[in-house]
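Trainee: sequence and predicted structure below; questions after.
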Protein chains: 2
Amino acid sequence: MGPHLPHANSNGEPHPALKKNQKLVRDVLVASSAPLSAYSILDLLRDEGFRAPLQVYRALDKLMELGLVHKLESLNAFVACSHEACEVNEPAAFMICEVCESVRELGDIQLADHLGKLAANHNFALKHTTVELHGRCKNCA
Amino acid sequence: MGPHLPHANSNGEPHPALKKNQKLVRDVLVASSAPLSAYSILDLLRDEGFRAPLQVYRALDKLMELGLVHKLESLNAFVACSHEACEVNEPAAFMICEVCESVRELGDIQLADHLGKLAANHNFALKHTTVELHGRCKNCA
DNA sequence: AAATGATATGTAATAACATAACATTTTTGG
DNA sequence: CCAAAAATGTTATGTTATTACATATCATTT
Ligand SMILES: [Zn+2]
Ligand SMILES: [Zn+2]
Ligand SMILES: [Zn+2]
Ligand SMILES: [Zn+2]
């Protein structure tokens, strides 16, 4: 706890407020080509001092809140956001390859629109959508 | 094959081949207004002789294969199909109320179409889609 | 009827995913 | 500096799902 902290934000980081654990978790997700489970992340961060699942889940919760990470419900796994951060404008869909495990995050306006109208037609107040497409990617077809 | 098998289907059942456990599991799902976790189903079937999770999971696997039951990935829970059985024509989407836990299964052709084209545009061989809408239903808004 | 093979079921143990509860440290704002 | 708030560390526990192996049931073949 040095007296004269440089005190971040002098840099151009889009999300300067990330804490140590949050940054570590985000980094392993960004570096990974496939989605990672919370426990995989835990294993990858043992050397950085991680000991318990909660350290991972707490970081993930915050990162998801910031739109920097998304959860793939059908895999119980997590991916870094492909964009700067989705935040308000939610991701529309994920295409998940069952062979190479690659994930592509799509921001299809028309799809979001369609789902919005679908909900409206049923007087359903839409809060959050989960759209996950499983199959084989271009390379693995 | 056997000489004189009555060979089911003399009755009007859409899926005559259901085994005892499969029928029990299906019945509790049909009777439930909310989706049920596998362990809830297990508890509900203690009196019928169920003792272990696998009895439930095996029945669920078969029922899902037949299109009689669907899994809600975002809840880790299961619902009976609202139709006779989805089988080939997959369900398009589920609207899930966060208040009353009601689930409405939708078979929106246009949505299925849109997702199909989206996949095709990316040379993605689509096998299965998960679309789950979270929010508040008409009654709970 | 007896043997076979395929499917369904029973049971115990364990793996995988996630949260509760509480103590301690760090950060932040006055 | 100080108090409040946020983040972290740690243990224990809860929840969801699968592996492994034994047994039973039923249709076909001998
Ligand atoms: Zn995103
Ligand atoms: Zn692939
Ligand atoms: Zn259905
Ligand atoms: Zn409702």
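Mentor: Arrived safely, thanks for sending. Every value quoted in this text rests on a predicted model; they were computed, and no experiment measured them. Numbers count the residues shown, from 1 in each chain, chains lettered A, B, ... in the order given. Ligands and ions are numbered 1, 2, ... in the order given.

Trainee: C-alpha only now, for contacts and for neighbours.
Mentor: Noted.

Trainee: write out the residues of chain A neighbouring DNA strand D.
Mentor: A:19-22, A:49-55, A:58-59 (CA under 7 Å from any atom of the strand).

Trainee: from these, which would you call buried?
Mentor: Among the residues of chain A next to DNA strand D, those classed as buried by 16 or more other CA atoms under 10 Å in any protein chain shown are A:21-22, A:50, A:55, A:59.

Trainee: touching chain B at all, the strand or helix carrying A:L115?
Mentor: Taking DSSP states H and E as the definition, A:L115 sits inside helix A:109-121. Yes. Using CA under 8 Å from any CA of the partner chain, we find that helix A:109-121 touches chain B at A:111, A:114-115, A:119.

Trainee: now do stretch A:52-72
Mentor: No. Applying CA under 8 Å from any CA, one finds stretch A:52-72 separated from chain B by no less than 8.8 Å.

Trainee: is the residue sitting nearest the centre point of chain A in a bridge, and if so with what?
Mentor: Nearest residue to the geometric centre of chain A (CA atoms, centre = their mean): A:V69, 1.8 Å. Going by DSSP bridges, A:V69 is paired in beta bridges with A:A80.

Trainee: OK, contacts around A:N123?
Mentor: Residues counted as contacts of A:N123 (CA atoms under 8 Å, 6 or more residues apart in numbering or on different chains) are B:137-138.

Trainee: need the pLDDT of it.
Mentor: pLDDT for A:N123: 97.

Trainee: distance of it relative to DNA strand C?
Mentor: A:N123 sits 28 Å away from DNA strand C, going by CA to the nearest atom of the strand, to the nearest Å.

Trainee: just the helices in chain A please.
Mentor: Along chain A, the segments classed as helices by DSSP state H run A:20-31, A:38-44, A:53-65, A:109-121.

Trainee: how about those helices, which one is nearest ligand 3?
Mentor: Evaluated over those, closeness to ligand 3 peaks at helix A:109-121, with 17.4 Å, by CA to the ion.
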